[in-house]
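Student: Pasting the sequence and the predicted model now:
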Amino acid sequence: MSRSARDELELGDLAGATLGIVGLGRIGRRAIRGREDVTAEEAMTPGPSTIRPSARLREIVERMQRQNLTNLPVTTSDGQLVGLLTRRDAEQALAAVNES
């Protein structure tokens with residue numbers, strides 16, 4: 001089963017800055033190991049790789065492929081979450097641009 005943006009949760013602080021990403025697979029693996037009380041902070045990947053809204057689509061797709069990323073949080077320069085770009089959406093958008 002492929003992973004998607006629905007398989008991950010973005011965690012932030014009260015000011016809205018991105019702190020980390022929790023993959024639901026990681027939570028499940030820890031629960032299976034007998035730790036159903038695992039916290040989001042323990043399960044998350046801290047300091048996730050992010051992109052800015054002005055990033056070029058071709059560069060984003062190349063980066064996602066090179067780093068085997070399924071998605072990238074889109075944030076402002078001060079860390080405010082704007083959205084989440086999935087690799088599938090980025091690749092489809094790039095293909096559509098290349099077709100036109």
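Tutor: Happy to help now that I have it.
Student: And residue 20, what's its pLDDT?
Tutor: What the model reports as pLDDT for residue 20 is 67.
Student: Kindly report the same for the one 5 residues further on.
Tutor: Per-residue confidence at residue 25 stands at 64 (pLDDT).
Student: One more: residue 99?
Tutor: 87.
Student: before we move on, what about residue 36?
Tutor: For residue 36, the model assigns a pLDDT of 71.
Student: where exactly do the strands run in the chain?
Tutor: Assigned by DSSP state E, the strands in the chain fall at 8-12, 18-23, 45-46, 71-75, 81-86.
Student: Parallel or antiparallel, which strands does the shortest one pair with?
Tutor: Counting by DSSP bridges, the strands paired with strand 45-46 are strand 18-23 (antiparallel).
Student: thinking residue 76 is in contact with residue 50, fair?
Tutor: No. Judged on CB atoms under 8 Å, residue 76 makes no contact with residue 50 at a distance of 9.5 Å. C-beta: built from backbone N, CA, C; applies to glycine.
Student: And these two? Which one has more around it.
Tutor: residue 50 (18 against 14; other CB atoms under 10 Å).
Student: State the phi and psi torsions of the more buried one.
Tutor: As for residue 50, its main-chain torsions (degrees, to the nearest 10) stand at phi -130, psi 170.
Student: who's in contact with residue 55?
Tutor: residue 74 (CB atoms under 8 Å, 6 or more residues apart in numbering).
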